[in-house]
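[1] Okay, predicted coordinates and the sequence, questions at the end:
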Amino acid sequence: MDSGDLKIEWARQYMPVLGTIADRFRKDKPFEGMTIGMALHVEAKTANLVKTLAAGGAQVFITGCNPLSTQDDVAQALDRVDGVTCYAKRGCSVDEYYSAMDAVLDAKPDITIDDGMDLIHRMHTSRRDVLTKIIGGCEETTTGIHRLRAMAEEGKLEFPVIAVNDTPMKRFFDNVHGTGESALTAIMATTNNLIAGKWLVVAGFGYCGRGIARKASGLGAKVIVTEVDPRRALEAYMEGYHVMPMNKAAEIGDIFITTTGNKDIINEQHFKLLKDGAILSNAGHFNVEIDGAWLNKNAEQIIERDGIQSYLINGRTIHLLAEGRLVNLAVPKGMGHPIEVMDLSFALQALGTRFIAEHHTELKPGVHAVPDSIDREVASIKLASLGLGIDTLSADQEHYMCSWDVGT
Ligand SMILES: NC(=O)c1ccc[n+]([C@@H]2O[C@H](COP(=O)([O-])OP(=O)(O)OC[C@H]3O[C@@H](n4cnc5c(N)ncnc54)[C@H](O)[C@@H]3O)[C@@H](O)[C@H]2O)c1
């Protein structure tokens, strides 16, 4: 086994839910004769999802969904798996990135699996030739769902897509615990900085921001939250965090993590306020949350280290991690989410893909929720793998929960 195979095998040991589903797929072959096109972060956990779909009879074609998140040894190991072709390469140019997407689309997929909606966007613009065969898709992340909903509202989305991100089993674990732990792990591994005692600014108190704030606070950071939603800002305040606008936080923060899914969160006006040595990072999907283009254009000097660009501005140095791309995956030491978390998210992807394969004729073009039965099934398999039991509702309790006639 080479390093890529060893990484995939390491992850497999901690993915009992996906393992259970792979055993079922091996028996039932739900994707026999189908082609699945994927654009996901190509690393060891994703490789196990790909192998699960191939075990179900699919021909799988995959590329990356970010130029910096591919692990080349894993991509090569995946390409050697029967029924799998992998085009991903770390550090590819933008042209190479889209050529690899086109190579996936050349395979004429029946089903797509995206993280950020780049495949689906391409199919609806420059690659409309592949729309004739497609039966549906699955989307992994918040930003991809935002884009899909915007498309659907304009009547532009031409096939059904399952919003894997929007289920409790994804948001409560992947976004909260996955992004929370892995963003901080990546920052610590890249900078070798102490978190304890630092002012750590979290922009956006959504699912990801909550996880980052909670875990940073557990490590001893003094957490500042910036928000635009008054309810979420109040929630952050009640959790014990400092709440303020970014132009105030910019003067105080030592480490910044943006996770809004929005653009220009830290921009020119904030760069001018930052302390010398401030560390900026992004955990949102696209590299638009921190205005790196302004820094590249206006810095008096730029020093490149592995995963860190340091910019000299007005006599102060500002450090940007991973070019502002999602820090937990794009820094050289970024491992992405912990394996156990992706076991749940990818179990949802695998069962969502099967749902599309079996029910696409009943689904209209648009964004569809993951059926609640699938979400519960993933939770139940995970609980069983942990050896944990829970109670069940009695018939009397079920009746009580659905009735209105019993009062005080
Ligand atoms: N790094 C990862 O591995 C990973 C994992 C999951 C999701 N994501 C990405 O992280 C981003 C956030 O996801 P989420 O599930 O937490 O979304 P969410 O919608 O739950 O939270 C986003 C929050 O940002 C706030 N916000 C928007 N604009 C803002 C601004 N200008 N200033 C301050 N706050 C602002 C919103 O009010 C909201 O509370 C998305 O881009 C998503 O795709 C990344």
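    Everything's here; your move.

[2] and the nearest residue to Ala299 once chain neighbours are set aside, which of the three is it?
    Distance criterion C-beta to C-beta, 6 or more residues apart in numbering; nearest residue to Ala299, sequence neighbours excluded, is Tyr311 at 3.8 Å. Quick note: C-beta positions are derived from backbone N, CA and C, even for glycine. Secondary structure, DSSP: H, G, I helix; E, B strand; the rest coil: Tyr311 is strand.

[3] pretty sure Tyr311 contacts Thr317?
    Yes - using C-beta atoms under 8 Å, Tyr311 is in contact with Thr317, at 6.9 Å.

[4] follow-up on the earlier one: next up, the contacts around the residue nearest to Ala299.
    295, 299, 301-302, 317-320 (C-beta atoms under 8 Å, 6 or more residues apart in numbering).

[5] For the helix or strand Leu234 falls within, C-alpha coordinates in PDB please.
    Assigned by DSSP states H and E, Leu234 falls within helix 230-238. Provided in PDB are the C-alpha atoms of helix 230-238 (Å, rounded to 0.1, in the frame of the first residue of the first chain):
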ATOM      1  CA  PRO A 230     -29.700  40.500  15.500                       C
ATOM      2  CA  ARG A 231     -31.000  37.200  16.800                       C
ATOM      3  CA  ARG A 232     -27.800  35.400  16.200                       C
ATOM      4  CA  ALA A 233     -25.800  38.300  17.700                       C
ATOM      5  CA  LEU A 234     -28.000  38.100  20.800                       C
ATOM      6  CA  GLU A 235     -27.500  34.300  21.000                       C
ATOM      7  CA  ALA A 236     -23.700  34.800  20.800                       C
ATOM      8  CA  TYR A 237     -24.000  37.400  23.600                       C
ATOM      9  CA  MET A 238     -26.000  35.100  25.800                       C
END
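
[6] what sits up against the helix or strand that it is followed by?
    Next helix or strand after helix 230-238 toward the C-terminus (DSSP H and E): strand 242-243. By C-beta under 8 Å, 6+ apart, the residues outside strand 242-243 that reach it are 222-227, 233-234, 236-237.

[7] Please give me every residue in contact with the residue in the chain that the ligand sits nearest to.
    Closest to the ligand within the chain is Gly206: 1.7 Å, counting by C-beta to the nearest ligand atom. Gly206 sits next to 142, 175, 232, 259-261 when contact means C-beta under 8 Å, 6+ apart.

[8] On the pLDDT front, check the spatially most central residue of the chain for me.
    The centre of the chain sits closest to Thr141, judged by C-alpha atoms, centre = their mean, with a distance of 5.0 Å. Here the pLDDT value assigned to Thr141 is 91.

[9] got it, and Thr408?
    77.

[10] With Arg316 as the reference, measure out to it.
    Separation of Thr408 from Arg316 (C-beta to C-beta, to the nearest Å) stands at 65 Å.

[11] neighbour-wise, which of the two wins?
    Legend: neighbour count by other C-beta atoms under 10 Å for Thr408 and Arg316, higher for Arg316 (15 against 2).

[12] Nearest spatial neighbour of that one, chain-adjacent residues omitted?
    That would be Asp276: by C-beta to C-beta, 6+ apart, it lies 4.2 Å from Arg316.

[13] For Thr85, give its distance to Asp79.
    6 Å.

[14] can you list residues touching both of the two?
    Common neighbours of Thr85 and Asp79 (C-beta under 8 Å, 6+ apart) do not exist.

[15] follow-up on the earlier one: is the residue nearest to Ala299 bridged to anything, and to what?
    Ile302, Ile318 (DSSP bridges).

[16] Drop anything exposed from the contacts of Tyr311.
    When the contacts of Tyr311 are checked for burial by 16 or more other C-beta atoms under 10 Å, the buried set is 295, 299, 317-320.

[17] In a markdown table: those, plus pLDDT and distance to Asn282.
    Formatted as a markdown table, the buried ones among the contacts of Tyr311 follow (pLDDT from 0 to 100; distance: C-beta to C-beta, whole Å):
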| residue | pLDDT | distance to Asn282 |
| --- | --- | --- |
| Leu295 | 97 | 13 |
| Ala299 | 96 | 18 |
| Thr317 | 97 | 19 |
| Ile318 | 98 | 14 |
| His319 | 98 | 13 |
| Leu320 | 98 | 9 |
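
[18] For Lys29, which residues are in contact?
    Taking C-beta under 8 Å, 6+ apart, we find Lys29 in contact with 56-57.

[19] Kindly report the same for Val327.
    Val327 makes contacts with 183, 186-187, 190, 257, 281-283, 321, 334, as judged by C-beta under 8 Å, 6+ apart.

[20] how close does it get to Asn193?
    Taking C-beta to C-beta, one finds Val327 at 13 Å from Asn193.

[21] next one: Gly292
    From Gly292 to Asn193 the distance is 20 Å (C-beta to C-beta).

[22] neighbour count winner among the two?
    Gly292 (20 against 13).

[23] Quick one: the helices in the stretch 51-200 of the chain, in order.
    Taking DSSP state H, counting those that start in this stretch as the test, the helices found in the stretch 51-200 of the chain are 72-79, 94-106, 118-124, 142-153, 168-170, 179-191.

[24] Domain boundaries for the chain, per the record?
    Following automatic domain parsing, the chain resolves into domains at 3-170+337-385, 177-330.

[25] want to try TSV for these, with distance to Cys402 as columns?
    Shown next, in TSV, are the domains of the chain (distance: least, C-beta to C-beta, whole Å):
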stretch	distance to Cys402
domain 3-170+337-385	16
domain 177-330	30
